[in-house]
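Trainee: okay, structure incoming, though there's no sequence with it:
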């Protein structure tokens with residue numbers, strides 16, 4: 001896991017600054033320059049050493065014949081198996097890294113080699129003979145790659161936008177910024193960025209840059225890889241369990257210590273407990289880390305959002321202490337201004353707890369975590385269940401509404417007096433949404449041209465015309481959008497910044513492409529049912545997870561307790577900001593109204609934060625507002 005910066009076509013590289021992304025790879029840094037008599041290219045790399053800790057694993061990596069130069073950010077978890085296959089073809093390796101395996105595979109097979117790789121990545125492979133660059137990004141966009149075309153024949157790219165800033169004439173927000181700020185989940189899966197002049201290579205795409213032209217090609221579509229699954233649910237559970245165990249196992253491959261950011265919820269607990277299960281199975285050691293029993297949990301003392309008691313259930317089950325990270329927003333190594341500059345993109349929650357937690361993990365000497373990201377979007381963990389009503393019978397409908405109610409209450413009951421009233425309300429809303437998508441001219445007239453472009457793009461990217469998409473049930477179609485287009489791409493972006501800000505790599509077993517394609521191949525009744533969300537996951541992990549966690553119903557996302565902080569430790573700072581910046585009257589009125597509330601809830605805090613966040617983000621990236 002590392003950081004990349006590169007330029008193609010620039011003769012003067014005085015603006016290149018590896019220190020802008022040194023946090024991504026604090027172990028070493030290096031730059032490769034083309035010779036004076038060849039086409040000007042500079043490739044820079046900051047290294048986070050995880051596999052083969054010797055200098056032989058450093059980048060930029062150059063082939064024996066000096067033709068190819070490679071910089072790469074990520075991990076290929078099945079590199080051991082791929083290396084054996086390449087050796088059988090006559091390849092000779094000089095390092096024990098996944099980097100060299102990836103490099104040689106790309107040279108031999110081209111971009112299609114990515115289909116054989118299980119992992120996360122972004123890379124640039126420069127061909128000095130052809131004067132051509134090959135770029136690539138993993139299936140789901142876990143690792144970032146930004147670029148900017150400068151003039152007619154120059155390109156600069158980096159792992160974070162801040163690495164490109166010095167090459168821009170001015171740092172300005174995208175002309176669509178007001179749309180982005182209102183619809184925070186609607187642009188991450190596109191090539192659009194919040195900074196004018198910067199684009200991103202989209203997830204599951206590779207690109208070729210030659211003669212000043214940047215051509216992007218999609219190489220991965222989940223719908224092309226769906227499977228025929230058995231109708232017997234017990235067989236589905238066994239197959240899902242088999243894939244998941246291997247997904248965790250290969251992500252334990254590391255030459256350094258690993259840990260887990262525990263929330264106390266089902267997903268992160270599943271990862272931690274599965275690592276324990278695999279260790280107890282005494283499986284053959286194949287570079288799996290021995291030191292993995294390191295659980296960390298953000299702790300908000302006295303807060304309604306504190307989940308450390310649940311995280312402690314997991315660590316207690318294997319007799320180890322929980323590392324509690326006490327989050328004090330005024331003393332966590334991050335100011336709000338620095339936090340927004342670091343994460344680069346606006347988002348609906350304050351990033352301080354996440355930044356502080358991964359900083360604490362790093363300070364403990366841990367460079368890798370196995371975390372639970374992706375499961376909610378695979379299984380509708382946050383209750384995106386309305387679309388399942390379309391294909392449910394009356395009995396299933398009753399169960400679905402009861403499951404939705406249980407996400408807040410923590411208890412499952414079909415005795416809710418408003419059960420059917422809630423159902424018909426949700427059904428009406430879902431039907432209304434469906435019909436509003438069809439008359440596109442009507443939508444365009446309502447939304448206006450700029451916002452319509454977003455909707456049009458999303459409809460195209462959603463692959464609605466794909467034969468396999470049409471075969472999916474309504475819930476799975478909804479989850480497909482959540483997983484590939486909206487919520488998950490945004491969360492992946494955020495957690496890349498949160499963790500890499502302190503040189504910590506997050507590995508995500510739930511996002512193993514084998515598990516993703518298998519789960520999307522399943523009927524919705526395998527994902528939701530038996531009175532639970534995440535049905536097949538819970539059943540597959542019976543005997544592995546502590547039972548109280550496996551059967552836990554209520555769901556709390558990892559958020560900052562803004563409703564408490566904005567009336568407490570952050571009150572003075574925010575009040576000063578509001579009046580110093582001369583913010584709009586409606587923001588001042590909303591702030592006064594919030595401060596007058598007695599015992600505000602989480603929703604109250606989010607509402608006032610939604611007004612403050614865009615202004616705080618703009619200040620962090622573009623400076624003080626002019627009076």
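Mentor: Perfect, I can see it now. Given the structure is predicted, the values throughout are model-derived calculations rather than measurements.
Trainee: low-confidence regions, the stretch 301-450 of the chain specifically.
Mentor: Across the stretch 301-450 of the chain, residues meeting the criterion (pLDDT under 70) sit at 381-384, 386-395, 397, 408-409, 414-450.
Trainee: run through the helices of it in chain order.
Mentor: Ranges of helices within the stretch 301-450 of the chain are 308-317, 336-343, 352-363, 375-379, 394-409, 419-436, 440-447, 449-461, based on DSSP state H, counting those that start in this stretch.
Trainee: ok, now the stretch 501-627 of the chain?
Mentor: 513-521, 524-527, 535-540, 547-550, 562-565, 571-580, 585-595, 602-622.
Trainee: same for the first one, what does it pack against?
Mentor: Where contact means 3 or more Cβ pairs under 8 Å, 6 or more residues apart in numbering; DSSP states H and E, helix 513-521 is packed against helix 233-250, helix 375-379, helix 474-484. In short, each C-beta sits where N, CA and C put it, glycine included.
Trainee: just name the most buried of those.
Mentor: When you average the neighbours per residue for each of the helices and strands packed on helix 513-521 (mean count of other Cβ atoms under 10 Å), helix 375-379 leads with a mean of 25.
Trainee: to residue 190, which of the helices of the stretch 501-627 of the chain lies closest?
Mentor: Closest of the helices of the stretch 501-627 of the chain to residue 190 is helix 602-622, at 19.1 Å (criterion: Cβ to Cβ).
Trainee: so where is the protein shaky, pLDDT-wise?
Mentor: Along the chain, the parts satisfying pLDDT under 70 run over 282-285, 381-384, 386-395, 397, 408-409, 414-462, 624-627.
Trainee: center of it - which residue?
Mentor: Nearest to the geometric centre of the chain sits residue 492, at 1.0 Å (Cα atoms, centre = their mean).
Trainee: look up how far residue 274 lies from that one.
Mentor: Distance, residue 492 to residue 274, by Cβ to Cβ, to the nearest Å: 21 Å.
Trainee: got the domain ranges for this structure?
Mentor: If you go by automatic domain parsing, the domain ranges for the chain are 2-219, 221-326+366-559, 562-622.
Trainee: endpoints of the longest one, how far apart?
Mentor: In other words, domain 221-326+366-559. Domain 221-326+366-559 stretches 31 Å from its first residue to its last (Cα to Cα, to the nearest Å).
Trainee: centre of the chain versus it, how much separation?
Mentor: With Cα atoms, centre = their mean, to the nearest Å as the basis, the distance from the averaged C-alpha position of domain 221-326+366-559 to the chain average is 12 Å.
Trainee: equivalent analysis for the shortest one, please.
Mentor: When distances are taken as Cα atoms, centre = their mean, domain 562-622 is centred 27 Å away from the chain's centroid.
Trainee: before we move on, what about the first one?
Mentor: Between the centre of domain 2-219 and the centre of its host chain there is 18 Å, according to Cα atoms, centre = their mean.
Trainee: how about the secondary structure of residue 286?
Mentor: In three-state terms, and counting by DSSP: H, G, I helix; E, B strand; the rest coil, residue 286 is coil.
Trainee: surely it meets residue 80?
Mentor: Yes. Applying Cβ atoms under 8 Å, one finds residue 286 in contact with residue 80, separated by 6.4 Å.
Trainee: what sits in contact with each of those two?
Mentor: residue 253 (Cβ atoms under 8 Å, 6 or more residues apart in numbering).
Trainee: neighbour-wise, which of these two wins?
Mentor: More crowded of residue 286 and residue 80, by other Cβ atoms under 10 Å: residue 80, with 15 against 11.
Trainee: so what's the residue count around residue 399?
Mentor: 21.
Trainee: give me every residue that touches the residue nearest to it when sequence neighbours are not counted.
Mentor: Nearest residue to residue 399, sequence neighbours excluded (Cβ to Cβ, 6 or more residues apart in numbering): residue 531, at 6.5 Å. For residue 531, the contacting residues are 399, 402-403, 406, 412, by Cβ under 8 Å, 6+ apart.
Trainee: give me that answer again for 10 Å
Mentor: Contact criterion Cβ atoms under 10 Å, 6 or more residues apart in numbering gives 399, 402-403, 406, 412-414, 551, 553 as the residues in contact with residue 531.
Trainee: in JSON lines: the residues you listed, plus distance to residue 183.
Mentor: Formatted as JSON lines, the contacts of residue 531 follow (distance: Cβ to Cβ, whole Å):
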{"residue": "399", "distance to residue 183": "32"}
{"residue": "402", "distance to residue 183": "31"}
{"residue": "403", "distance to residue 183": "28"}
{"residue": "406", "distance to residue 183": "29"}
{"residue": "412", "distance to residue 183": "34"}
{"residue": "413", "distance to residue 183": "36"}
{"residue": "414", "distance to residue 183": "36"}
{"residue": "551", "distance to residue 183": "36"}
{"residue": "553", "distance to residue 183": "30"}
